[in-house]
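Peer 1: dropping the sequence and predicted coords here.
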Amino acid sequence: MTDILINLENVLRRIAAAEAEAGRETGAVTLVAVSKTFDADEIRPVIEAGQRVFGENRVQEAQGKWPALKAEWPDLELHLIGPLQSNKAKEAVALFDVIETVDREKIAAELAKEMARQGKAPRLYVQVNTGLEEQKAGIDPREAVAFVERCRTVHGLAIEGLMAIPPADENPGPHFALLEKLAREAGVEKLSMGMSGDFEIAIAFGATSVRVGSAIFGGR
């Protein structure tokens, strides 16, 4: 567990250095600690060390550990960063503070319905498949700006930002640049991009949050 806390401190130091290198304000970038596959006992020391923003890939897994942790620490912020199935929209709206993976009309419609029904408004990001990878979730970048607009006008959803996961075998820089360009065109301010292997590059391209798991918690 000591290793995890040392890792957390190191990642935070690297984020601060990357902010400075990019000429950005200290604290401009939020660390989303990706806790998927780790249980509450492994996450608890990271919370106690001061980390407050976490990411999970699966609704069902998150339901097993986060309600109790959020009851203990009401200021925790939980992000859904994995694909969302429409039949899980109810649970996602109930549990998550931020849903980063809105990527099609059906999900937008289900989220709008559930948010109205529950009287909750998790913050929303549209996921963009910048590499057009068949196996990966996310909307085609050529359709992203129009989709953000439809989320607003058709579904009444406030879209806060864009999210992307570049192809693992490509230089992430052009993908981050594309996402930043799309965000400007769509009129959104937040950019969720960058993971353990490339978050410093993402910060240079304007990331406002980075999703870091293995560099903190170790291999899964």
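Peer 2: Arrived safely.

Peer 1: which helix is the longest one in the protein?
Peer 2: helix 2-21 (DSSP state H).

Peer 1: just the buried residues of that one, please?
Peer 2: For helix 2-21, a neighbour-count test (16 or more other C-beta atoms under 10 Å) marks 4, 7, 8, 11, 12, 14, 15, 18, 19 as buried. Every residue, glycine included, has its C-beta placed from N, CA and C.

Peer 1: test my guess that residue 145 contacts residue 184.
Peer 2: No - using C-beta atoms under 8 Å, residue 145 is not in contact with residue 184; the gap is 9.6 Å.

Peer 1: who has more neighbours, these two?
Peer 2: residue 145 (21 against 13; other C-beta atoms under 10 Å).

Peer 1: could you pull out the helices for this protein?
Peer 2: 2-21, 40-48, 59-63, 66-72, 89-95, 105-118, 141-153, 172-186, 199-204, 214-217.

Peer 1: adding mean pLDDT and distance to residue 162, write these out as TSV.
Peer 2: TSV is the format used below for these (pLDDT from 0 to 100; distance: least, C-beta to C-beta, whole Å):
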stretch	mean pLDDT	distance to residue 162
helix 2-21	96	20
helix 40-48	95	27
helix 59-63	97	21
helix 66-72	97	24
helix 89-95	97	18
helix 105-118	98	14
helix 141-153	98	7
helix 172-186	98	5
helix 199-204	98	12
helix 214-217	95	23
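
Peer 1: the longest helix of the chain versus helix 40-48: what angle between them?
Peer 2: Angle, helix 2-21 to helix 40-48, by axes from the mean of the first three to the mean of the last three C-alpha atoms, to 10 degrees: 40 degrees.

Peer 1: and helix 2-21, what does it pack against?
Peer 2: strand 30-34, helix 40-48, helix 199-204, helix 214-217 (3 or more C-beta pairs under 8 Å, 6 or more residues apart in numbering; DSSP states H and E).

Peer 1: CSV for those, including mean neighbour count and distance to residue 133?
Peer 2: Below are the helices and strands packed on helix 2-21 laid out as CSV (neighbours: other C-beta atoms under 10 Å; distance: least, C-beta to C-beta, whole Å):
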stretch, mean neighbour count, distance to residue 133
strand 30-34, 23, 20
helix 40-48, 15, 30
helix 199-204, 22, 18
helix 214-217, 19, 20
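
Peer 1: what's the closest of these to residue 56?
Peer 2: Using C-beta to C-beta as the measure, strand 30-34 is the one of those that comes nearest residue 56, at 7.7 Å.

Peer 1: re the thing from before, just the buried residues of helix 2-21 now: which is nearest residue 83?
Peer 2: Relative to residue 83, the closest of the buried residues of helix 2-21 is residue 11; by C-beta to C-beta it sits at 24.9 Å.

Peer 1: sorry, back to before: a markdown table please, covering the helices and strands packed on helix 2-21 and showing distance to residue 149.
Peer 2: As requested, the helices and strands packed on helix 2-21 are exported to a markdown table (distance: least, C-beta to C-beta, whole Å):
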| stretch | distance to residue 149 |
| --- | --- |
| strand 30-34 | 26 |
| helix 40-48 | 37 |
| helix 199-204 | 25 |
| helix 214-217 | 36 |
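
Peer 1: nearest to residue 158, of the ones you listed?
Peer 2: Set against residue 158 and scored by C-beta to C-beta, these come closest in strand 30-34, at 18.3 Å.
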